[in-house]
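Trainee: What would the 3D arrangement of this be:
(one chain, ligands or ions: 1)
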Amino acid sequence: MEAAPFVNAKAHPFRSSSPALLLGRNGDICRRSLKFKSRKFSVRAAVNDGGSVVTLLDYGAGNVRSVRNAIRFLGYDIKDVQTPEDILNANRLIFPGVGAFAAAMDVLNQTGMAEALCTYIENGRPFLGICLGLQLLFECSEENGPVKGLGLIPGVVGRFDSSSGFRVPHIGWNAVQITKDSGILDDIGGRHVYFVHSYRAMPSNANKDWISSTCNYGDNFIASIRRGNVHAVQFHPEKSGNAGLSILRRFLDSKSDVTKPAGRKASKLAKRVIACLDVRTNDKGDLVVTKGDQYDVREHTKENEVRNLGKPVELAGQYYKDGADEISFLNITGFRDFPLGDLPMLQVLRNTSENVFVPLTVGGGIRDFTDGNGRHYSSLEVASEYFRSGADKISIGSDAVYAAEAYLKTGVKTGKSSLEQISRVYGNQAVVVSIDPRRVYVKDPNEVECKAIKVIIPGPNGEEYAWYQCTVNGGREGRPIGAYELAKAVEDLGAGEILLNCIDRDGQGTGFDIELIKLISDAVTIPVIASSGAGAVEHFSEVFTETNASAALAAGIFHRKEVPIQSVKEHLSKEAIEVRM
Ligand code: 1PR
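Mentor: As a prediction, the model looks like this:
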């Protein structure tokens, strides 16, 4: 796809268009215009002195804790931008753009940061933009727009096209093709890095000099740009494990060693292997990782204790080292306890994110809540606290079921459900819906209003059909809605991904419920994470071969050390299923 034609493009070697007149892809005039303050900035003639301070532009729109943690992990101190002058005086500037394009541009324009950023970049000062921090450099974005960007690079940021069968958002570990001397990306050719986005900038003749790497997902989009000291990446180095840390290290210290790992052959989006930690407070008051059988987490002994399989932070750190592509924490008693009262859980997130540089998802208890003093907390506040504590994605269970039921009843999107509110502010890529269905056999598919499928193995009374009934409150209550209907409704309401559990298979080790996963992954265009039942490496290859799942999640086999994550990956790789190694 080519970028749309622009009036006055390329008038300046860095700033490519006049702010006055700009056409979007459909020929519309971009509705926002740069509101540069009248003062003219001059950039400090500083050189990168290799000092230990990194300037960070965090305009407060989301979770940049991971970027902070990664910078600190690499031994650098952070100076936060407070004024436009802080940008101009930076020795090196990192701009981890988060949130929506228009909101970010509004903040940059209103604070005078937009002009300072342009001046800083036009002067070729060391800069690293991340994700939205890359997109904002372009002329315009179609996200809720067209909306005008900083206009430093020719091109329009457009949405991925899901009609070609590619799931949107583009979430996961994908390969990048280095197209020129990229400096900071020198050692990542052939490795996977972590992307999470629905919009992307496309290569064109007008911007080809900027492009340092591309990524293929349906079409080739711009994965990174470089001009001199100015870099920006569409992926998240702070979430890309060792590959990402090495990119950040190279940006922060261009003299750091390049370690070219041998034998890596990333070529496309990898299937993800996710470790899941069901977390709750045990009877002694300690926060522990537990694991149930069909959601029953109590030991069947006289004491009837909550099964304790380890400490959350330690286990998450171990799974990161073992090669997990993502880690999920599910606060399984969140439905009855108020999560913001559960400070240890927030602390778990904070501590984990200091040393774990792959995406972290947290779920449990995300809903509106009124505490004992009558203070009302919106689900958005709950989610925001999780994001601030280090979560990259939040996962909604019970509340999404109620939202889907209401939506299917009225056909109206009220915009008020937790799902809609959180995805509007943080983007749908940050919102996972966790489904807890249970198989219900029926003789005749017309017995139920929900979608029933013909099953391979008949039910206990010879039933040839089954539907998947959604539950809430950790499987305790069945609801009159099927997993199929729920999945489609939450996609409409703004979910970016589905975590598909199965109560019948949970903890059984007999393999994923392939029929369920096929049903749901064929019904939606957002990524689906297959969960529940993994007992052997072959179960992972089966789910990826037989269904359109984008990721597979397991808990018990990892906690009990029966199957290491690395063995799962080696097996998948041998079966020609691409994974991040
Ligand atoms: O409803 O928004 O408060 O969210 C509660 C969350 O807690 C939901 O995501 C729900 O799935 C989860 N949950 C609630 N109760 C339990 C329980 O086990 N008693 N855990 C529970 C769900 C299921 C999986 C598990 C896989 C893989 N756990 O995440 O990790 O089944 O297990 P396996 O590999 O051992 O088979 P809300």
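
Trainee: residues from the stretch 251-400 of the chain in reach of the ligand?
Mentor: With C-beta under 6 Å from any ligand atom as the criterion, the stretch 251-400 of the chain meets the ligand at residues 276, 278, 291-292, 295, 297, 330, 332, 334-335, 363-366, 395-399. From N, CA and C alone the C-beta is placed, and that goes for glycine too.

Trainee: Give me the buried subset of these.
Mentor: Buried members of those, counted by 16 or more other C-beta atoms under 10 Å: 276, 278, 291-292, 295, 297, 330, 332, 334-335, 363-366, 395-399.

Trainee: give me the residue from the stretch 51-200 of the chain nearest the ligand.
Mentor: Residue nearest to the ligand within the stretch 51-200 of the chain: Ile171 (17.8 Å; C-beta to the nearest ligand atom).

Trainee: Any chance of the backbone angles for that residue?
Mentor: Main-chain dihedrals, Ile171, degrees, to the nearest 10: phi -120, psi 130.

Trainee: May I have the residues that are in contact with it?
Mentor: Shown in contact with Ile171 (C-beta atoms under 8 Å, 6 or more residues apart in numbering): 195-196, 429, 496-497, 527, 550.

Trainee: Inside helices: which ones of the residues you listed?
Mentor: In helices, judged by DSSP state H, none of the contacts of Ile171 are found.

Trainee: Top of these by number of neighbours, please.
Mentor: In terms of neighbour count, Glu497 stands highest of those at 29 neighbours, by other C-beta atoms under 10 Å.

Trainee: partner residues bridging it?
Mentor: Val432 (DSSP bridges).

Trainee: now it: how far from Ser550?
Mentor: 8 Å (C-beta to C-beta, to the nearest Å).

Trainee: any residues in contact with both of the two?
Mentor: Shared contacts of Glu497 and Ser550, defined by C-beta under 8 Å, 6+ apart, comprise 171, 527-529.

Trainee: between those, which is nearest Gly507?
Mentor: Ile529 (17.0 Å; C-beta to C-beta).

Trainee: For that closest one, which three-state class applies?
Mentor: strand (DSSP: H, G, I helix; E, B strand; the rest coil).

Trainee: Same question for Arg367.
Mentor: Going by three-state DSSP: Arg367 is coil.

Trainee: quick revisit: output the shared contacts of Glu497 and Ser550 in JSON lines; the columns should cover distance to Thr471 and pLDDT.
Mentor: Formatted as JSON lines, the shared contacts of Glu497 and Ser550 follow (distance: C-beta to C-beta, whole Å; pLDDT from 0 to 100):
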{"residue": "Ile171", "distance to Thr471": "26", "pLDDT": "95"}
{"residue": "Pro527", "distance to Thr471": "22", "pLDDT": "97"}
{"residue": "Val528", "distance to Thr471": "18", "pLDDT": "98"}
{"residue": "Ile529", "distance to Thr471": "18", "pLDDT": "98"}
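
Trainee: Val297: what's its closest spatial neighbour, skipping adjacent residues?
Mentor: Excluding the flanking residues, the one nearest Val297 by C-beta to C-beta, 6 or more residues apart in numbering is Thr290, at 4.5 Å.

Trainee: What is the burial count for the one you found?
Mentor: 24.

Trainee: Wait, it touches Val279, no?
Mentor: Yes: under the criterion of C-beta atoms under 8 Å, Thr290 makes contact with Val279 at 7.2 Å.

Trainee: Quick check: neighbours shared by these two?
Mentor: Ile332.

Trainee: Just name the shakiest helix or strand of this structure by mean pLDDT.
Mentor: Using mean pLDDT, DSSP states H and E, strand 369-370 stands out as the lowest-scoring helix or strand of the chain, at a mean of 86.

Trainee: helix or strand right after that one?
Mentor: The helix or strand immediately downstream of strand 369-370 is strand 376-377, counting by DSSP states H and E.

Trainee: who's in contact with that next one?
Mentor: Strand 376-377 is contacted from outside by 338, 340, 368-371, using C-beta under 8 Å, 6+ apart.

Trainee: Show the average pLDDT along it.
Mentor: The pLDDT scores in strand 376-377 average 89.

Trainee: Repeat that for stretch 85-101.
Mentor: Rounded mean pLDDT across stretch 85-101 is 91.

Trainee: Can you list the buried residues in it?
Mentor: Buried-residue list, stretch 85-101, by 16+ other C-beta under 10 Å: 86-101.

Trainee: Can you tell me which of those is closest to Ser379?
Mentor: Gly99 (17.6 Å).

Trainee: isn't the closest one right up against Val425?
Mentor: Yes: Gly99 is within contact range of Val425, at 7.3 Å (criterion: C-beta under 8 Å).

Trainee: on that earlier part again, among the shared contacts of Glu497 and Ser550, which pair sits farthest apart?
Mentor: Largest pairwise distance in the shared contacts of Glu497 and Ser550, by C-beta to C-beta, is 10.8 Å, between Ile171 and Val528.

Trainee: I'd guessed Ala552 sits against Ile274; true?
Mentor: Yes: with contact defined as C-beta under 8 Å, Ala552 counts as touching Ile274 (7.0 Å).

Trainee: Identify the contacts common to those two.
Mentor: The contact lists of Ala552 and Ile274 share Ile529, where a contact means C-beta under 8 Å, 6+ apart.

Trainee: returning to that earlier point: take the buried residues of stretch 85-101 and keep only those in helices.
Mentor: 86-88, 101.

Trainee: Count the neighbours of Thr111 for me.
Mentor: Thr111 has 16 nearby residues by other C-beta under 10 Å.

Trainee: Mind checking what secondary structure Leu499 has?
Mentor: Following three-state DSSP, the label given to Leu499 is strand.

Trainee: all strands for the stretch 101-250 of the chain, in order.
Mentor: Taking DSSP state E, counting those that start in this stretch to define them, one finds strands in the stretch 101-250 of the chain at 127-131, 138-141, 147-148, 153-159, 170-178, 192-197, 199-201, 211-217, 219-227, 230-233.

Trainee: Tell me which of these sits most buried.
Mentor: Highest mean neighbour count of those: strand 138-141, a mean of 29 (counted as mean count of other C-beta atoms under 10 Å).

Trainee: Partner strands of that one and their direction?
Mentor: As assigned by DSSP bridges, strand 138-141 forms pairs with strand 147-148 (antiparallel), strand 153-159 (parallel).

Trainee: any low-confidence regions in the chain?
Mentor: The chain contains residues with pLDDT under 70 at 1-50, 61-63, 257-264, 339, 341-343.

Trainee: which one among the shared contacts of Glu497 and Ser550 gets closest to the ligand?
Mentor: Ile529 (9.4 Å).
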